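Asker: Here you go, sequence then predicted model.
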Amino acid sequence: MKEGYHCGVNKFMPLWLRKILSTHFNSACYLHDQDHNAGVDMEQADKVFLERMQEIAGWNPLLRLQARLYYMAVRAYSSYKKGRES
């Protein structure tokens, strides 16, 4: 995996926020970016992203909540991005 903070939108988010978002889910974010770059359907890539984050979270209820909230934010951004591309 390439070094760095892979969670968050580089264009819009300051580094300090990307660091926080990447604390637990950096590998899932990296793979999510790779899925998008490979042309995987956005909705499918986002669902797999959630599954990866839930796997990382295990049974930790706070991390599972964080994963769900982050997934919802990613879905909202993906929908916005898809709308702009249409």
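Answerer: Perfect, thanks for sending it. All of these numbers come straight from a predicted model, not from anything done at the bench.
Asker: quick one: Met53 and Tyr71 touch, right?
Answerer: Yes. Using Cβ atoms under 8 Å, Met53 is in contact with Tyr71, at 6.9 Å. Every C-beta, even on glycine, is put in place using the N, C-alpha and C of the backbone.
Asker: Between those two, point out the one with more neighbours.
Answerer: For Met53 versus Tyr71, neighbours defined as other Cβ atoms under 10 Å are more numerous around Met53 (24 against 18).
Asker: Can you give me the distance of the more buried one to Ser27?
Answerer: Met53 sits 10 Å away from Ser27, taking Cβ to Cβ, to the nearest Å as the criterion.
Asker: just Val9 next, same as before
Answerer: 18 Å.
Asker: What helices and strands are in contact with the helix or strand containing Glu51?
Answerer: Per DSSP states H and E: Glu51 is located in helix 42-57. With contacts taken as 3 or more Cβ pairs under 8 Å, 6 or more residues apart in numbering; DSSP states H and E, helix 42-57 sits against helix 15-37, helix 61-85.
Asker: what comes up buried for the first one?
Answerer: Going back to what we said before, that points to helix 15-37. Within helix 15-37, the residues scored as buried using 16 or more other Cβ atoms under 10 Å are 18, 21-22, 24-26, 28-33, 35-36.
Asker: Need the max-distance pair from those.
Answerer: The span of these, defined through Cβ to Cβ, is set by His24 and His36 at 20.3 Å.
Asker: what's near enough to touch the most centrally placed residue in the chain?
Answerer: Closest to where the C-alpha atoms of the chain average out (Cα atoms, centre = their mean) is Cys29, at 4.4 Å. Residues near Cys29 by Cβ atoms under 8 Å, 6 or more residues apart in numbering: 6-8, 21-22, 49.
Asker: can you check Leu63 too?
Answerer: Leu63 neighbours (Cβ under 8 Å, 6+ apart): 24, 56-57.
Asker: how near is it to Tyr70?
Answerer: 10 Å.
Asker: Also Ser79?
Answerer: Ser79 sits 15 Å away from Tyr70, going by Cβ to Cβ.
Asker: Have a look at the two and say which one is more surrounded.
Answerer: Tyr70 (20 against 13).
Asker: Quick one: residues contacting the more buried one.
Answerer: Under the criterion of Cβ under 8 Å, 6+ apart, the neighbours of Tyr70 are 7, 21, 25, 53.
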